[in-house]
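J.: generate a structure from the sequence data that follows.
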Amino acid sequence: MYHYQEYKPDIRLTPWVENYWIATDFVSSEHYAKILPDNCTDVIFDFDRTKGISYVELFGTMTNFIEFNSAERGQMFGIRFKPAAITAFTRIPQMELTDRAVELALVETLFDKSFYETLPEKQSAQEIIAHTNNYLINLLPRLYSPDKQIIRAVEAINLTKGQLNLTRLANDICLSQRHFERRFKTAVGISPKMFAKIVRFKHTIQDIVKQPNKDLLTIALERGYYDRTHLMKDIKSFSGDIPTDVRKKTEIYYAPDECYV
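T.: This is a model prediction of the structure:
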């Protein structure tokens, strides 16, 4: 369908950028490419070197999977921001972007004209990454201050793989439940409960793919689901597939460590 590769950002950008990715060599297929919720925010450039950039879109935090026709795409380059991290670059409340793809120019551009014009001229992935690293590093002195309490909450949910008491978490970061919910949605785009569900889903998917002979009930209980049915409901909701299908589509549901360069 296409070739996909992820790249690590410069170490100075790791508090904000999860990774960069490049997708190329798109070919026609009877299957649509699938993107799953991951609690991140992506800025995606679609371009070719003869026509320049076709569009730039900001994809907010997703609560559902989306499918797209890969045959209609050119080369794609993405900047994947960590949960809540893009708020250091823009003051737009992230809940306004949830489950939406918005033209970046209609929101608040993170990039000046020179960045747009120069990006398609880069001849290799390494040049694209270096160009983007340099640009974002130059922005660091002008970043907005992040919501440190929400960043702590995000880290706690990720550390426990989505399995912790959210009421207790709100108390731990000295927020009332109402303020916790509101500020989390503003910074991340979704509620703490939905965020934790997606974190748990991501780890469950890895278990299903990497341990094909492991009983689903065992996986469900280890990941904090009530039972096998509860697990299957979340898998279906976030991926559109059942666990049997997930195990048949490992190239979609699991990217090995070698994916990073």
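J.: lowest mean pLDDT among the helices and strands of the chain, which one is it?
T.: For the chain, counting by mean pLDDT, DSSP states H and E, helix 104-107 ranks last in confidence among helices and strands (a mean of 61).
J.: C-terminal to that helix, what's the next element?
T.: helix 113-118 (DSSP states H and E).
J.: can you name every helix or strand that that next one contacts?
T.: strand 52-59, helix 125-139 (3 or more CB pairs under 8 Å, 6 or more residues apart in numbering; DSSP states H and E). Backbone N, C-alpha and C define where each C-beta goes, glycine included.
J.: Throw these into a markdown table and include distance to Ala156, mean pLDDT and mean neighbour count, thanks.
T.: A markdown table is the format used below for these (distance: least, CB to CB, whole Å; pLDDT from 0 to 100; neighbours: other CB atoms under 10 Å):
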| stretch | distance to Ala156 | mean pLDDT | mean neighbour count |
| --- | --- | --- | --- |
| strand 52-59 | 25 | 77 | 17 |
| helix 125-139 | 26 | 94 | 16 |
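J.: okay if I get these as TSV plus distance to Thr90?
T.: Shown next, in TSV, are the helices and strands packed on helix 113-118 (distance: least, CB to CB, whole Å):
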stretch	distance to Thr90
strand 52-59	9
helix 125-139	11
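J.: helices of the chain, residue ranges please.
T.: Using DSSP state H, the helices assigned to the chain run over residues 104-107, 113-118, 125-139, 148-159, 166-172, 177-188, 192-210, 216-222, 228-239, 243-248, 250-253.
J.: could you dump those helices to a markdown table with distance to Gly60?
T.: Converted to a markdown table, these look like this (distance: least, CB to CB, whole Å):
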| stretch | distance to Gly60 |
| --- | --- |
| helix 104-107 | 10 |
| helix 113-118 | 21 |
| helix 125-139 | 19 |
| helix 148-159 | 16 |
| helix 166-172 | 22 |
| helix 177-188 | 10 |
| helix 192-210 | 13 |
| helix 216-222 | 29 |
| helix 228-239 | 16 |
| helix 243-248 | 25 |
| helix 250-253 | 22 |
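J.: report the contact partners of the nearest residue to Arg12 once chain neighbours are set aside.
T.: Nearest residue to Arg12, sequence neighbours excluded (CB to CB, 6 or more residues apart in numbering): Ile137, at 5.7 Å. Ile137 makes contact with 10, 12-13, according to CB atoms under 8 Å, 6 or more residues apart in numbering.
J.: out of the residues you listed, grab the one that's most surrounded.
T.: Leu13 (20 neighbours; other CB atoms under 10 Å).
J.: how close does Tyr4 get to Phe47?
T.: 16 Å (CB to CB, to the nearest Å).
J.: sorry, that was for Thr118
T.: Thr118 sits at a distance of 11 Å from Phe47 (criterion: CB to CB).
J.: which one of these two has more residues nearby?
T.: Phe47 (18 against 12).
J.: you'd agree that one is up against Glu121?
T.: No - using CB atoms under 8 Å, Phe47 is not in contact with Glu121; the gap is 10.3 Å.
J.: neighbours of the closest residue to Lys161 other than its chain neighbours, how many?
T.: With sequence-adjacent residues excluded and distances taken as CB to CB, 6+ apart, Lys161 is closest to His203, at 4.8 Å. By other CB under 10 Å, 17 other residues sit near His203.
J.: got it, and the one 5 residues further on?
T.: Other residues near Ile208 come to 22 when the count uses other CB under 10 Å.
J.: for the most centrally placed residue in the chain, give its distance to Gln211.
T.: Centroid check for the chain by CA atoms, centre = their mean gives Cys40 as the closest residue, at 3.0 Å. Cys40 is 25 Å from Gln211, where distance means CB to CB.
J.: walk me through the domains of the chain.
T.: Here the domain parsing of the chain from automatic domain parsing is 3-142, 148-259.
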